[in-house]
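[1] below is the structure, and that's it, no one-letter string:
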Ligand SMILES: Nc1ncnc2c1ncn2[C@@H]1O[C@H](COP(=O)(O)OP(=O)(O)OP(=O)(O)O)[C@@H](O)[C@H]1O
Ligand SMILES: [Mg+2]
């Protein structure tokens, strides 16, 4: 409804990760480069972590778009970390176009290993990408460790990218998984945006959505309030901006006034914390995470946004059972 009023061609602040909206901050750029380099140079095992809503899935989608352009790359993309080991291997086999029906875990592993080695001999690249990897069980991480052993004298044959929230780092730090941790070749971490990046981020999204006046729609003071309340987290910035446009439209205002942001922050019960963005460390990490999650839950309820669940359900159409 506000789109026509603000001369926008599409919704600028959708929360689904859409690669065409990428705003390449230095961190996002570096992380994407690390993922791409890791795959192309056959580095083996690469890990990307970041707080909730900082753009991990978006970066993965950008990477997969890049990889799709190369005929020599084939990947399996798992975006549900809550699978059993058997479901996990079946899913990978299915995504790579290998027969999975009726096979047990060892048969699947053997088949996958044979496939990866055969592709390696032909100098082809095979990638396993796991999003939401912080949900992976120790059992699956152990299977992944076995897969990291597929190598020649000078390179890894299966490129493995694990992407997840900071709990993934904690898992990899655990004693039982120290062998896996030692195999990590590249590691990146996404941080919240600083104030300048938040300004650039909002303007870029508005510009991509067709706004004729991206910088005047959200004046500097308004951007500062958004940054403060969203703590630089892109998904929260989107939620606040989307609601801000609706509120400004209701007032028939030409731009979003700072008091609108204060009202939204109150409605969403966002406490104000100062964020030392240079380190990416929050003053009270737990509080911050709780606030981010509360906002997400509220947003989900308010907007009836079930897209992620639907996407997962669509990708795993059959419930598989452990054999
Ligand atoms: N650099 C960026 N440029 C453009 N949009 C971004 C950027 N970073 C994040 N976003 C947007 O923020 C929202 C959240 O991003 P995304 O879903 O990738 O986060 P995430 O880190 O995967 O979160 P989670 O931990 O919940 O899985 C999406 O709408 C995404 O498009
Ligand atoms: Mg994600």
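    Structure received. All values reported here derive from a predicted model rather than from experimental measurement. Numbers count the residues shown, from 1 in each chain. Ligands and ions are numbered 1, 2, ... in the order given.

[2] how near is residue 57 to residue 16?
    9 Å (CB to CB, to the nearest Å). Every C-beta, even on glycine, is put in place using the N, C-alpha and C of the backbone.

[3] and the closest residue in space to residue 136 that isn't next to it in sequence, what element?
    In space, residue 136 comes closest to residue 81 once its chain neighbours are excluded; the distance is 4.8 Å by CB to CB, 6 or more residues apart in numbering. Secondary structure from DSSP states H and E places residue 81 outside every helix and strand.

[4] who in the stretch 201-323 of the chain is up against ligand 2?
    Remark: no part of the stretch 201-323 of the chain is in contact with ligand 2, using CB under 5 Å from the ion.

[5] list the contacts of the residue of the stretch 201-323 of the chain found nearest ligand 1.
    The stretch 201-323 of the chain approaches ligand 1 most closely through residue 234 (3.3 Å), counting by CB to the nearest ligand atom. Residue 234 makes contacts with 53, 54, 55, 193, 201, as judged by CB atoms under 8 Å, 6 or more residues apart in numbering.

[6] cool, residue 212 as well?
    residue 7.

[7] look at it and report its pLDDT.
    On pLDDT, residue 212 comes in at 94.

[8] that one should be in a strand, yeah?
    No - applying DSSP: H, G, I helix; E, B strand; the rest coil, one finds residue 212 to be coil, outside a strand.

[9] coming back round to it: what's the separation between the residue of the stretch 201-323 of the chain closest to ligand 1 and residue 144?
    For residue 234, the distance to residue 144 - CB to CB - is 28 Å.

[10] one more: residue 242?
    As for residue 242, its distance to residue 144 is 37 Å (criterion: CB to CB).

[11] and those two? Which one has more around it.
    Between residue 242 and residue 144, counted using other CB atoms under 10 Å, the more crowded position is residue 144 (22 against 19).

[12] the more buried one contacts residue 177, correct?
    No - assessed by CB atoms under 8 Å, residue 144 is found out of contact with residue 177, at 9.6 Å.

[13] ok, residues contacting stretch 142-157?
    So stretch 142-157 is contacted by 42-45, 85, 88-89, 105, 109, 112-113, 116-117, 119-120, 126, 128, 130, 136, 158, 160, 162, 177, 179-180, 183, 185 (CB under 8 Å, 6+ apart).

[14] ditto for stretch 20-37
    14, 43, 46, 48, 50, 55, 58-60, 62-63, 66, 161, 186-191, 193, 197, 200-201, 204-205, 208.

[15] how far off centre is it?
    For stretch 20-37, the separation from the chain centroid amounts to 12 Å (computed by CA atoms, centre = their mean, to the nearest Å).

[16] quick check: buried residues in it?
    In terms of neighbour count (16 or more other CB atoms under 10 Å), stretch 20-37 has its buried residues at 21, 22, 23, 25, 27, 28, 31, 32, 34, 35, 36.

[17] ok, stretch 164-171 next?
    By neighbour count on 16+ other CB under 10 Å, the buried set for stretch 164-171 is 164, 165, 168, 171.

[18] what about that stretch, near ligand 2?
    No - on the criterion CB under 5 Å from the ion, stretch 164-171 is out of touch with ligand 2, staying 8.2 Å away.

[19] for the residue in the chain positioned nearest to ligand 1, what are its contacts?
    Here the chain gets closest to ligand 1 at one residue, residue 55, 2.5 Å apart by CB to the nearest ligand atom. If you count contacts by CB under 8 Å, 6+ apart, residue 55 has them with 17, 28, 190, 234.

[20] just the closest of those to residue 77, please.
    If you rank the contacts of residue 55 by distance to residue 77 using CB to CB, residue 17 comes first, at 13.1 Å.

[21] with adjacent residues omitted, what lies nearest to that closest one?
    Nearest non-adjacent residue to residue 17 (CB to CB, 6+ apart): residue 58, at 3.6 Å.

[22] right, and the one you found touches residue 16 too?
    No - counting by CB under 8 Å, residue 58 sits too far from residue 16 to count as a contact (9.2 Å).

[23] with neighbour numbers in mind, choose between those two.
    residue 58 (22 against 13).

[24] how's this protein carved up into domains?
    Following automatic domain parsing, one gets these domains for the chain: 2-12+193-305, 26-190.

[25] in terms of mean pLDDT, which of the ones you listed ranks lowest?
    Across the domains of the chain, domain 2-12+193-305 gives the lowest mean pLDDT, at a mean of 81.
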